[in-house]
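> Fold the following for me, if possible:
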Amino acid sequence: MKSTTAQGFTPVQIGIKTLQIRTLVVNWTKVATSLVKERSISRTYTIKSSYLIDEKLAFGEIAIVQLLRLDGWNAFWVDTFHKKFWNTMPDEGKPKQLPSAIRERYDLIKIKNDSKPNGCFDVAAERSGRVIWLEFKSDKDKNNINEGNWINSAMKADIRETDLFFVGTKPRKNTVINLLDTNGDCHFLNK
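Coordinates of the predicted model:
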C-alpha cells in the first residue's frame, strides 16, 4: 500500500495542560463522491471522503485500518453514527465485535464521557496489549466539541497521550481545548 506521510505533533491544550498528540499527514488520491454513490452502500455513507488505496475505493478510516492491519494491529473503524465497528468497507463485510482490550477501554472512556460515544476517535487498534486511537480528518473536516470531550474523557480514563494520533490529508492546526463550563465540557479554538 503506497502512502506518503509526514509526521509531527499537534499541541492540544486541555485547560492548563498541553498534550502533544502525534500527527500524521497522508497523501492519498481522493475520488469523486459519485463513485461511492455507485456502490450498494447506505446513503448515509455516501457523503464521506473516499480515497483510492491500492486501486480500491476506501474511506479514510478504512484506509487507516488497512495500513494498521498490514503492520500487525487488530484495527477497527469506530462508526459512532451507525453504532458499528468495521474492518472493511460496509458493503464488503459485516460489522465486527471489538476485542476485549479495545472494548474495555472504549467503554471506560465512554463512561467518563457521560456514557456517550460522541467524539470517539475514528479508529481503534490493538497489538500486544497496547490500544491506540486515531482520529482521521479529511481536508473538509474540522475540529468539533465532541472530539474535545472524548480527548478529555480519555485523559480521565488514564489513556496515554502517546496512544492518541491525528491522521489527515493536511497538517492540523494547533488546537486549544478550553474547559469553560462547570461540567468540564471542552470547546475547540484553533490557533
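
> now the helices for the protein?
Read by DSSP state H, the chain holds these helices, from start to end of the chain: 33-37, 60-70, 100-112, 145-156.

> These: which one's closest to residue 134?
helix 60-70 (5.7 Å; Cβ to Cβ). The C-beta positions use only the backbone N, C-alpha and C, and glycine is treated the same way.

> Mind checking the pLDDT average for that closest one?
What helix 60-70 shows for mean pLDDT is 94.

> So which bits of it are buried?
Buried residues in helix 60-70, counted by 16 or more other Cβ atoms under 10 Å: 60-68.

> so can I have CSV of the residues you listed showing distance to residue 137?
As requested, the buried residues of helix 60-70 are arranged in CSV below (distance: Cβ to Cβ, whole Å):
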residue, distance to residue 137
60, 8
61, 11
62, 15
63, 13
64, 11
65, 16
66, 18
67, 16
68, 17
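
> Any idea which of the helices of the chain gets closest to residue 26?
The closest approach between residue 26 and any of the helices of the chain, judged by Cβ to Cβ, belongs to helix 60-70 at 7.7 Å.

> Which strands or helices does the closest one pack on?
Packed against helix 60-70, as judged by 3 or more Cβ pairs under 8 Å, 6 or more residues apart in numbering; DSSP states H and E, are the following elements: strand 50-53, strand 74-79, strand 84-86, strand 123-127, strand 130-137.

> I am finished for the moment; much appreciated.
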